[in-house]
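Visitor: Need a 3D model of the following:
(one chain, ligands or ions: 1)
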Amino acid sequence: MNIDRLVFAYGQRWLFEGWSARAGAGVTWVQGANGSGKSTLLRLLAGALAPRHGSFELAGCRYAAGDSSAPLAWRQQTFWCLSDPPPTPWLTIAECLGFVSGTYPDVDAQRVREQVEALGLTKALSTPLRDASLGQQRKTLLALALALPVKLLLLDEPFNALDTASARHLADTLTARAQRGGQVILLTSHVEPHVPVRERWLLGD
Ligand SMILES: Nc1ncnc2c1ncn2[C@@H]1O[C@H](COP(=O)(O)OP(=O)(O)OP(=O)(O)O)[C@@H](O)[C@H]1O
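Guide: Numbers count the residues shown, from 1 in each chain. Predicted structure coming up:
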């Protein structure tokens with residue numbers, strides 16, 4: 001995945017001024033002080049924010065500033081596990097899983113069920129997200145992150161709010177992915193993520 005001359009600012013708060021980077025398969029640890037732009041970078045790559053200039057390329061698919069939105073082909077290859085709870089509090093966990101899965105092609109429902117089970121979410125499936133704990137809300141997105149067949153995984157502080165067993169499952173799964181290759185994983189974390197890290201990007205320097 002290539003980032004070419006990215007320019008982005010919130011008003012006059014400039015975060016990226018012609019920044020380029022390349023991430024191969026495996027885990028890239030995105031580091032930086034509070035406010036350095038880590039979450040913003042993931043939002044940009046997810047298509048949730050529009051870059052002012054520059055472009056992104058992933059497996060032959062290009063997304064450039066000036067496009068009215070991230071192309072469907074880009075979004076279907078990308079999953080953004082945001083650090084906030086899912087923005088659909090009225091849906092149950094099961095409905096949220098089904099709703100988001102429905103926006104991706106070739107989803108294996110069995111893989112989603114396996115991740116739900118491994119993350120200890122099975123008993124909470126009929127709970128509305130608004131009544132779920134923070135950890136259960138985060139695990140809903142993580143189950144999708146680990147199950148959907150995407151080429152680019154954007155994980156914003158994925159270990160936050162996880163119980164010990166779920167944190168271990170996440171670390172083990174990411175470690176296996178990193179060793180197998182094939183998926184580009186950008187992971188923000190203020191602490192050592194305990195997975196094999198291929199590259200580190202330090203933002204805000
Ligand atoms: N919607 C917004 N409007 C204006 N400024 C914003 C907005 N979102 C973030 N910012 C500012 O952009 C900067 C980068 O924010 P961002 O959340 O990307 O940083 P971060 O590196 O992820 O921080 P943290 O480590 O605290 O999570 C901060 O100064 C923040 O105040």
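Visitor: quick one: what helix or strand has the most centrally placed residue in the chain in it?
Guide: The residue lying closest to the centre of the chain (CA atoms, centre = their mean) is Leu154, at 2.4 Å. Leu154 belongs to strand 152-156 when assigned by DSSP states H and E.
Visitor: before we move on, back to that, contacting residues for the residue nearest to the centre of the chain?
Guide: When contacts are counted by CB atoms under 8 Å, 6 or more residues apart in numbering, Leu154 touches 42, 45-46, 78-81, 186. (Each C-beta comes from the backbone N, C-alpha and C, glycine too.)
Visitor: Out of those, which is nearest to the ligand?
Guide: Using CB to the nearest ligand atom, Leu42 comes nearest to the ligand of the contacts of Leu154, at 8.1 Å.
Visitor: The closest one: what's it in contact with?
Guide: Going by CB under 8 Å, 6+ apart, Leu42 touches 30, 80, 82, 154, 156, 186, 188.
Visitor: Surely the first one and Leu41 touch.
Guide: Yes. Using CB atoms under 8 Å as the test, Val30 is close enough to Leu41 to be in contact (6.5 Å).
Visitor: so what sits against both of those two?
Guide: If you check Val30 and Leu41 against CB under 8 Å, 6+ apart, the residues they both contact are 186, 203.
Visitor: Just give the nearest non-adjacent residue to Glu57, would you?
Guide: Distances taken as CB to CB, 6 or more residues apart in numbering place Asn2 nearest to Glu57, at 4.4 Å, with adjacent residues excluded.
Visitor: This protein against the ligand: which residues are in contact?
Guide: With CB under 6 Å from any ligand atom as the criterion, the chain meets the ligand at residues 10, 13, 15, 32, 34-40.
Visitor: looking at those residues, which has the most residues close by?
Guide: Neighbour tally across the residues of the chain next to the ligand (other CB atoms under 10 Å): the maximum, 25 neighbours, falls on Lys38.
Visitor: quick one: contacts for the residue lying closest to that residue once chain neighbours are set aside?
Guide: Of all residues not flanking Lys38 in the chain, Thr188 sits nearest, at 4.3 Å (CB to CB, 6+ apart). When contacts are counted by CB under 8 Å, 6+ apart, Thr188 touches 29-31, 38-39, 42, 83, 155-157.
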